[in-house]
Every structure is written in C-alpha cells, then in structure tokens.
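> generate a structure from the sequence data that follows.
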Amino acid sequence: MSFELNLRSETVQYAHPAEAIVLAPQETVRAALQQMKQAKTGNVLICEAKRLVGIFTERDALKLLASNADLEQPIGQVMVRDPVTVSLTDSVGEAISKMSIGGYRRLPVVDDTGYAASVLKVSGIIRYLVEHVPDVVYTLPPEPHHRPKTREGA
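Coordinates of the predicted model:
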C-alpha cells in the first residue's frame with residue numbers, strides 16, 4: 001500500500017486527535033484563557049447543548065489582548081462562529097487539505113450530530129506522518145536544501 005493511498009483511505013481517527021476542551025458561550029474570555037493555560041493547549045471549543053457553535057484559539061486571544069479588550073465579556077461574542085470541521089470518517093488527506101487551504105492549525109472533529117469530542121492538530125498530523133514514513137522524516141538534514149559555498153575535502 002502506498003503512502004498516498006493511506007492519506008486517501010485512512011481516517012482522521014488515526015491522526016491522533018486530541019481531547020477537546022469545551023466551554024459554553026456564556027463563559028468569559030478570562031475563563032477560556034485559564035482553561036487553555038491549565039490544559040496547555042491553544043484552543044477551546046464553544047458548544048451549546050453539545051453542539052459545536054464556535055472555536056476560540058490563541059490567535060484570537062492575541063488579537064483581543066493587543067486591543068485591550070474586556071476579558072470578562074462572554075466568549076460567544078469573540079469566538080469564530082461555525083468553524084471548519086472534520087469528522088472521524090474523513091480521510092487524513094482531506095483534513096490536511098482543509099488545514100492547508102484555510103491556514104488552520106486545529107480542526108474540531110465532530111460526529112453526525114455536531115458533537116465535538118476532539119480536535120485534530122498539526123502535531124497529530126505530523127505524528128501520523130512520522131509513523132508512516134519514519135525513514136524519510138528521521139534522515140532529513142536540519143537544512144534539507146542547504147548547499148555549502150565551497151567544496152568539502154582536503
């Protein structure tokens with residue numbers, strides 16, 4: 001089986017999705033930041049009645065902090081609404097494509113009802129790739145396209 005075929009046939013569940021931190025839209029921005037710090041993660045998912053309605057990431061937090069925004073406002077007012085998602089049955093290739101096209105580092109993983117149980121992160125994708133092609137990944141030099149200015153030798 002080729003590596004390309006694996007990307008098309010293996011599903012997101014094999015790309016090490018991380019457990020999601022879920023908050024209600026009424027929670028404050030400060031609470032979201034505290035949860036992110038405590039869990040050492042870069043995002044929280046915002047859900048109403050177990051249905052995903054938004055995402056709040058470290059990028060959103062930086063924008064708020066730079067503008068001296070009120071950290072006591074509800075997270076629902078500043079979250080990204082209706083984020084791009086993947087399901088556990090989507091292929092790893094589809095997930096990589098969505099991340100690449102949208103410039104996302106994290107995608108919520110939802111089921112058929114819209115329940116978000118996990119988050120697919122770039123680190124999970126990289127771990128998946130390393131597991132499938134370790135010889136290529138582990139043998140790359142620190143600067144793969146570096147060329148010395150002078151010839152080596154005596």
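> contacting residues for residue 62?
By Cβ atoms under 8 Å, 6 or more residues apart in numbering, the contact set of residue 62 is empty. All C-beta atoms are positioned from the backbone trio N, CA, C, and that covers glycine.
> surely it is within a helix?
Yes - according to DSSP: H, G, I helix; E, B strand; the rest coil, residue 62 belongs to a helix.
> per-residue pLDDT, residue 85?
As predicted, residue 85 sits at a pLDDT of 96.
> and what of residue 148?
So residue 148 comes in at 67 (pLDDT).
> before we move on, what about residue 115?
89.
> just residue 143 next, same as before
Value for residue 143, per-residue pLDDT: 68.
> first-to-last residue distance for stretch 115-124?
End-to-end span of stretch 115-124 (Cα to Cα, to the nearest Å): 20 Å.
> again with stretch 58-75
13 Å.
> could you pull out the buried residues of it?
60-61, 64, 71, 74-75 (16 or more other Cβ atoms under 10 Å).
> repeat that for stretch 88-104.
88, 90-92, 94-96, 98-99, 104.
> which of the buried residues of stretch 58-75 lies closest to residue 50?
Residue 50 lies nearest to residue 75 out of those, by Cβ to Cβ, at 16.6 Å.
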